[in-house]
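S.K.: okay, sequence plus prediction incoming.
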Amino acid sequence: MKISIRKKLVLAISVLVVVLFSLVAVLFVQEKRVELADDIYKNAVAFGRLSAPEIVSDYELYLGENSFVIFNREIQSFFAQNDDVHALKVVNYSGEVLYDSEIDTDKKYVGEVRNLDDSLMKQVRSENIAVMSAVGEVFLDGENVVGYYGDEIAPLRSGTEIDHIVVPATEEYSVIYYVNYHDLEERIVILIERIMFMAIFGILLGMLMAFLMSTHVTRPIRKLVFGAEEIAKGDFDTRVDIRTNDEIGYLGEAFNKMAVDLKDSVEARVYKERVGRELEIATQIQKQIIPDEKDIPKMDGLDIAAGIWPAEEMGGDMYDFMKINESRMLMYLGDVTGHGVPAGIVGSIASALFYGYSQEPDLKKLMVGVNKVMKEKTMTNMFMTLCLMEWNSTEKEFKYVSAGHEQLIHYKAKDAKCELTPAGGIALGMIPDVSQHLRVEEVLLEVGDFIVVYSDGIPEAWKDDTHSYGMGRFIEKVASIGGFTTAAQIRDAIIKDVRDFSAGYKQMDDITLIVMKRC
């Protein structure tokens, strides 16, 4: 069952008013009870100080002469002066009760001697006004003093309700005043009734305010609900008209802005989905261009393993293997500036060009031809570093041409050491003619030797904002795994070391690796 905001607001404010009034009532009644109790005590003490000598004087004057009626009339006049004192006793310091207003109502008491108990005797013999609380605690009026029997007794605590007060009247007599709190309870009841009336008024006033406030809130909310329903139907031109200078007005403005943003967002999402689908197709095309391990041609005397790990869905690194005949194979690894779709497109163009020029026997001329087309058909800010390699299985010759690419790492099994091959060249696509900058290099590969060709994504792999993998660590790792049997084992060990170093830190650039081992 749904509960409207109006009902919730009315209920919440009503409960809040009840709780607040209850807390205030409890605290106020407690404070008032303490205040009234203190007033009753102070009045009783003051009354006792003033009346005790007169009561004793009347006792000696009238009751001692058997004039009980006159004495009793005088006592009643004393009671009329203070409603909080309902009974009194006249006692001597020997502990004998000479007069008891509750018992001696018709005539003077005649009979056995009436004696006080021990607790009252201590109070009667005290030099101060003694007070006994309603729960039997004994106090003295004033600062801490020592009682008649040497007992140290504390002054009366504020708010304590008392049973009686013992007031020394003369050197022979004391008067015991018994206090009641009927007036206090009546006043408390009247106070509670007033608080209840105020609480009822507060609840009604709160309900009225809650009703008015909820109406102010729910009316624009209905407009917002209607607008949301229209937007849910696809009408993103829906707007709500809320003219209030409060949070609801801000909400209406935010709702209208949301409708505009939602329309733009839906259009952007449709566009993003279309672009994403096109990117997915482009990625699939690139994966078809880059050969899997099973598609790498087999060549006598050379064990080959390769892999590519793009930083985004589509990378700018490329590699390929082109078997020209049974004894000759071309291979290359290229790195286009940046990564993503633009770099992937340039890489795809380069792949097609190398296939087109693959029959050219001169590596330098092949690179010059590819560069000329790339310079004409790609953007001026897009270029590609590349290493073009050739393996001749008959002559057991390994040659390469570097177009500004990273130096190759040559592991020599005989010495169990690594060395970097000569660098050189200029990136493809930068200038129209690169013939003056390219040079064919030859590497002597003995059995057990291997070549590591890579993109700069390996030495520039990061584990944080300041530490990169670096060439030093790279060369040391290659040297440490020189005894591995296959090219695939070497490739996997290198990639694992790079991954362990990065420890999950974001990959900034594409990582590409080719390992060729002489066997």
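M.R.: Happy to help now that I have it.
S.K.: could you use CA atoms for every contact and neighbour count after this?
M.R.: Noted.
S.K.: in the helix or strand containing A352, what's buried?
M.R.: Counting by DSSP states H and E, the element that carries A352 is helix 341-357. By 16 or more other C-alpha atoms under 10 Å, the buried positions in helix 341-357 come out as 341-351, 353-354.
S.K.: now swap in stretch 178-193 and tell me
M.R.: Buried residues in stretch 178-193 (16+ other C-alpha under 10 Å): 178-181, 184, 188, 191-192.
S.K.: ok, stretch 232-240 next?
M.R.: Buried residues in stretch 232-240 (16+ other C-alpha under 10 Å): 236, 238-240.
S.K.: ditto for stretch 470-479
M.R.: In stretch 470-479, counting by 16+ other C-alpha under 10 Å, buried: 474-475, 477-479.
S.K.: can you list contacts of that stretch?
M.R.: Stretch 470-479 has contacts (C-alpha atoms under 8 Å, 6 or more residues apart in numbering) with 409, 411, 416-418, 458-461, 490, 494, 497.
S.K.: just to be sure, which of these are found in helices?
M.R.: 490, 494, 497 (DSSP state H).
S.K.: list just the nearest of the residues you listed to I40.
M.R.: Using C-alpha to C-alpha, D497 comes nearest to I40 of the ones in helices among the contacts of stretch 470-479, at 91.2 Å.
S.K.: now do the contacts for that closest one.
M.R.: D497 neighbours (C-alpha under 8 Å, 6+ apart): K477.
S.K.: return the helix or strand in this protein with minimum mean pLDDT.
M.R.: Each helix and strand of the chain was given a mean pLDDT (mean pLDDT, DSSP states H and E); the minimum falls on strand 145-146 at a mean of 38.
S.K.: which residues of the stretch 1-150 of the chain fall in strands?
M.R.: 85-92, 97-100, 130-133, 138-140, 145-146 (DSSP state E, counting those that start in this stretch).
S.K.: which of those has the lowest average pLDDT?
M.R.: For the strands of the stretch 1-150 of the chain, mean pLDDT drops lowest on strand 145-146, to a mean of 38.
S.K.: which ones are touching E161?
M.R.: Per C-alpha under 8 Å, 6+ apart, neighbours of E161: 37, 41, 133-134.
S.K.: would TSV of the residues you listed with distance to K272 and neighbour count be doable?
M.R.: Shown next, in TSV, are these (distance: C-alpha to C-alpha, whole Å; neighbours: other C-alpha atoms under 10 Å):
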residue	distance to K272	neighbour count
A37	81	19
Y41	86	23
S133	86	16
A134	85	14
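S.K.: could you list which of those belong to helices?
M.R.: Those of the contacts of E161 lying in helices (DSSP H): 37, 41.
S.K.: quick one: which of the contacts of E161 is nearest N371?
M.R.: A37 (107.4 Å).
S.K.: can you give me the pLDDT of the closest one?
M.R.: A37 is given a pLDDT of 85.
S.K.: mark out where each domain of this protein begins and ends.
M.R.: 5-185, 234-289, 291-518 (automatic domain parsing).
S.K.: between those, which gets the lowest average pLDDT?
M.R.: domain 234-289 (a mean of 74).
S.K.: show me how far it is from its chain's centre.
M.R.: Centroid displacement of domain 234-289 relative to its chain, using C-alpha atoms, centre = their mean, to the nearest Å, is 29 Å.
S.K.: in this structure, which spans are helices?
M.R.: 5-61, 68-81, 118-124, 182-232, 247-289, 341-357, 363-377, 470-480, 487-502.
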